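Student: model this:
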Amino acid sequence: MRYLICIGITLIIIIALLIGANELPPFGNPENPEHNELSRGYIENAMSDTGAKNIVSAIILDYRALDTFIEATVLFTGVIVVMTVLKK
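Tutor: So this is what the prediction gives:
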């Protein structure tokens with residue numbers, strides 16, 4: 001019975017991923033999000049807005065600082081859990 005539940009959940013996830021992949025914009029379309037005004041604004045104004053030495057540092061440490069902090073917290077928590085499990 002457990003195997004059927006696992007197979008069902010796996011199939012649901014696969015179907016959801018396939019539907020999501022089907023909804024992606026076509027490759028090379030000029031209306032894709034990579035060509036919008038936000039990315040242009042980052043490229044043009046990142047260094048003057050933040051005072052960073054390069055664009056990557058400006059985006060990661062200033063524009064997306066909270067997101068980067070949360071990612072670091074998740075990684076740190078994962079390391080602590082692995083260390084705790086391996087210690088016992």
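
Student: Could the C-alpha coordinates of whichever helix or strand Ile9 is part of be exported in PDB?
Tutor: According to DSSP states H and E, Ile9 maps onto helix 2-22. Extracted in PDB, the C-alpha atoms of helix 2-22 (Å, rounded to 0.1, in the frame of the first residue of the first chain):
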ATOM      1  CA  ARG A   2       2.800   2.400   0.900                       C
ATOM      2  CA  TYR A   3       4.400   1.800  -2.500                       C
ATOM      3  CA  LEU A   4       1.200   2.800  -4.300                       C
ATOM      4  CA  ILE A   5       1.100   6.100  -2.300                       C
ATOM      5  CA  CYS A   6       4.700   6.800  -3.100                       C
ATOM      6  CA  ILE A   7       4.200   6.000  -6.800                       C
ATOM      7  CA  GLY A   8       1.100   8.200  -6.900                       C
ATOM      8  CA  ILE A   9       2.900  11.200  -5.200                       C
ATOM      9  CA  THR A  10       5.800  10.800  -7.600                       C
ATOM     10  CA  LEU A  11       3.500  10.800 -10.600                       C
ATOM     11  CA  ILE A  12       1.700  13.900  -9.400                       C
ATOM     12  CA  ILE A  13       5.000  15.700  -9.000                       C
ATOM     13  CA  ILE A  14       6.200  14.600 -12.400                       C
ATOM     14  CA  ILE A  15       3.000  15.800 -14.000                       C
ATOM     15  CA  ALA A  16       3.200  19.100 -12.200                       C
ATOM     16  CA  LEU A  17       6.800  19.600 -13.400                       C
ATOM     17  CA  LEU A  18       5.900  18.700 -17.000                       C
ATOM     18  CA  ILE A  19       3.000  21.200 -17.000                       C
ATOM     19  CA  GLY A  20       5.300  23.800 -15.600                       C
ATOM     20  CA  ALA A  21       7.900  23.100 -18.200                       C
ATOM     21  CA  ASN A  22       5.300  23.300 -20.900                       C
END
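
Student: Please compute how far the helix or strand of the chain with the lowest mean pLDDT lies from its chain's middle.
Tutor: Ranked by mean pLDDT, DSSP states H and E, the weakest helix or strand in the chain is helix 37-50, scoring a mean of 83. Distance of helix 37-50 from the chain centroid (CA atoms, centre = their mean, to the nearest Å) equals 20 Å.
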